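> got a predicted model here, sequence first, then my questions.
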Amino acid sequence: MAADIDGSALARAATLLADARHAVVLAGAGMSKESGIPTFRGDGGLWTVRGEPPLNQYETFSMDPRRWWERRLEQERHADEFAVAIEAAEPNPGHVALAQLEALGAVAHVISQNIDNLHRRAGQRALTEIHGNRMWMRCVSCETRWPRAEFPVDPEALPPRCAQPGCGGIVKGDTVMFGEPIPPSALHQCALETAQADLFLSVGTSAVVYPAAQYPISAAQRGVPLIEINPEPTPLTPLAAVVLRGASGAILPALVEAVRDARARGGETSHS
Ligand code: NAD
């Protein structure tokens, strides 16, 4: 275990996870910082440094989808720092450990605000990407999604249209824009998981973007214990039963080992 991890908090978190029947995780951009993708907020975050971007992106898209697509194709030719970082990123030990917690049966579902595809690449299966996935496209009408690589966009026929029979809706990147309604199917899944949760973890999120931040709050309000993993305090900190300060890439692998230990101890006790 890394020397700067609070051992007693880690042991309490591991016991909660080992005992939980339906642990749900809210994950955020901090989880991918160790993969080289900058966060928006927090120390060194893109917005902390540069200020907030315009928050009316979806309105701009809806008013003129063709113009929006022309700009997007242009941006793809001159990708910015954020896009380049996402394209180059690999899952880090935090993503891998979270997938291991699922494989161990300690985590039932991950609600991620990340759009970078790294949870999937690390092997996470029970996953709702509430803000979409940058590697996919989506029809705004029928919600059909396609891998970006399988949906060639013809620059002479913008905006691209859905090919589902009887649809023909406008297709955009799957990432949910500022001001865009979150697809109802994702909201439904998140509500379902939250209602079943008997333990919640908040990992690498500033917990200020709604509705995502509401899920751990709703669970905590009905008495579900909350574990926070983040180097900095957040609005969720006062609600947390256990706080682990530090990088998810260090804490989550230590948590996997601690859960294995807690299970082994529990097994010994139940046989004695
Ligand atoms: P955020 O940028 O608002 O906050 C990041 C949080 O991560 C902060 O609380 C920070 O203290 C914490 N953090 C920093 N380094 C960490 C580390 N090594 N381990 C654990 N935590 C660490 O991010 P958010 O709360 O996810 O919300 C912002 C929105 O940003 C979401 O909608 C998301 O789609 C978008 N976003 C996504 C990515 C991505 O996909 N990787 C990156 C940036 C922003």
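It's in. Numbering: from 1, shown residues only.

> near the ligand, which residues of the chain?
The chain comes close to the ligand at residues 28-34, 37, 39-42, 45, 113-116, 131, 204-206, 209, 230-232, 234, 247-249, as judged by C-beta under 6 Å from any ligand atom. The way it works is simple: take the backbone N, C-alpha and C, and place the C-beta from them, glycine included.

> among those residues, which are in helices?
Secondary structure from DSSP state H places Ser248, Gly249 of the residues of the chain next to the ligand in helices.

> the residues of the chain next to the ligand, buried ones only, as a ChimeraX selection?
Per 16 or more other C-beta atoms under 10 Å, the buried members of the residues of the chain next to the ligand correspond to this ChimeraX selection:
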select :28,29,30,31,32,33,34,37,39,40,41,42,45,113,114,115,116,131,204,205,206,209,230,234,247,248,249
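
> off-centre distance for the worst-scoring helix or strand of the chain on mean pLDDT?
Lowest on mean pLDDT, DSSP states H and E among the helices and strands of the chain sits helix 46-50, with a mean of 84. Relative to its chain's centre, helix 46-50 lies at 20 Å (C-alpha atoms, centre = their mean, to the nearest Å).

> swap in stretch 155-166?
For stretch 155-166, the distance to the chain centre is 29 Å (C-alpha atoms, centre = their mean).

> got it, and stretch 111-120?
For stretch 111-120, the separation from the chain centroid amounts to 4 Å (computed by C-alpha atoms, centre = their mean).

> any idea how many residues pack against Arg138?
23 (other C-beta atoms under 10 Å).

> need the contact list for it.
Gly132, Thr144, Arg145, Trp146, Val171, Lys172, Gly173, Asp174, Pro183 (C-beta atoms under 8 Å, 6 or more residues apart in numbering).

> sounds good, over and out.
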